[in-house]
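# sequence? don't have it. structure:
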């Protein structure tokens with residue numbers, strides 16, 4: 001679940017809010033077990049909360065909460081996509097209204113211009129300044145020049161507006177495709193978490209890698225499933241690919257150490273374990289219980305790693 005939230009930073013704050021809600025539930029449950037907090041001093045109350053939480057025999061949440069979080073994230077994404085689409089539609093409608101008003105304004109301007117020219121020409125004819133034919137030619141030339149200039153100006157504006165609309169449409173389409181791809185990847189991770197067969201898990205991880213070949217987490221989880229099928233060389237190659245993408249990925253170093261240990265390369269396995277522990281100290285606690293590392297249990301270097309736990 002944590003890995004899926006990392007892949008969707010846009011909604012990380014929602015996940016944080018839900019996590020804080022779960023933490024509040026745990027504290028409230030601890031208060032129910034220990035009685036009112038106002039009757040105890042802070043030090044004893046904190047210790048009591050710690051003892052109560054450590055004595056729990058089952059989690060205070062269920063898989064339905066995780067499913068609820070995923071559904072909420074999916075709903076939020078859908079709503080944000082719909083709001084973005086609605087906002088773009090409103091922007092386009094406003095741009096179209098602006099163009100309509102501009103065209104109406106230009107039409108009125110040209111009409112008034114014709115009226116003005118007609119009045120002036122009538123006065124000129126009456127006063128004998130020029131013949132009617134000369135007046136008509138001058139009016140035609142002036143009107144055509146003004147109309148041509150207006151047409152050029154608004155054609156330029158319409159071209160700019162069309163380019164903006166195309167860019168916004170392309171951006172919306174890219175976001176929609178990204179949302180669909182993310183939803184597909186999340187569905188594959190859920191299925192992989194529910195599968196018990198390593199072969200089925202490998203097939204699902206391959207589907208995830210088709211969407212994103214640079215997914216380090218998918219490569220490391222696939223390497224773990226491959227080790228369950230007793231294919232250490234394949235697992236080592238997968239871990240090497242993951243480390244080429246992210247050289248500081250502690251999980252990839254740990255899985256590579258398990259693969260080396262299975263193949264009998266103890267020195268390489270110890271070095272990979274040291275790198276994994278260097279980046280993530282919590283892996284040290286797993287050394288004694290990992291069956292894949294049992295062949296190195298008697299090595300001094302391995303015992304040294306255990307003694308530092």
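Structure received. The model shown is predicted, which means the values in this text are computed figures rather than measured ones.
# what helix or strand does residue 230 sit in?
Counting by DSSP states H and E, no helix or strand carries residue 230.
# what about it, neighbour count?
10 (other C-beta atoms under 10 Å). C-beta coordinates here come from the backbone N, C-alpha and C atoms, glycine included.
# Contacts only, for it.
Residues in contact with residue 230 (C-beta atoms under 8 Å, 6 or more residues apart in numbering) are residue 262.
# Next, find the distance separating it from residue 256.
From residue 230 over to residue 256 the distance is 16 Å, taken as C-beta to C-beta, to the nearest Å.
# confidence score at the residue lying closest to residue 74 once chain neighbours are set aside?
The shortest distance from residue 74 to any non-neighbouring residue, by C-beta to C-beta, 6 or more residues apart in numbering, is to residue 183 (6.6 Å). What the model reports for residue 183 is a pLDDT of 80.
# Helix or strand next in line after the helix or strand harbouring residue 183, which one?
If you go by DSSP H and E, residue 183 is part of helix 132-194. Secondary structure here is assigned by DSSP H and E; on that basis, the next helix or strand after helix 132-194 toward the C-terminus is helix 198-211.
# Touching, residue 277 and residue 306? I think so.
No - with contacts defined as C-beta atoms under 8 Å, residue 277 does not count as touching residue 306, sitting 10.9 Å away.
# and the angle from the helix holding residue 183 to helix 198-211?
Compare the direction of helix 132-194 with that of helix 198-211 by axes from the mean of the first three to the mean of the last three C-alpha atoms, to 10 degrees and you get 160 degrees.
# from the chain's centre, how far out does helix 132-194 sit?
On the basis of C-alpha atoms, centre = their mean, to the nearest Å, helix 132-194 sits 27 Å off its chain's mean C-alpha point.
# Over to stretch 111-123?
Between the mean C-alpha position of stretch 111-123 and that of its chain there is a distance of 63 Å (C-alpha atoms, centre = their mean).
# for it, which positions count as buried?
Neighbour-count burial for stretch 111-123, counted by 16 or more other C-beta atoms under 10 Å, picks out 117, 121.
# quick revisit: neighbour count winner among residue 277 and residue 306?
Counted by other C-beta under 10 Å, residue 277 and residue 306 do not tie: residue 277 has more neighbours, with 22 against 12.
# helices or strands up against the biggest helix by length in the chain?
Residue-count comparison of every helix in the chain, with assignments taken from DSSP state H, identifies helix 63-127 as the longest. In this structure, helix 63-127 packs against helix 12-34, helix 132-194, with contacts taken as 3 or more C-beta pairs under 8 Å, 6 or more residues apart in numbering; DSSP states H and E.
# Cool, thanks, talk later.
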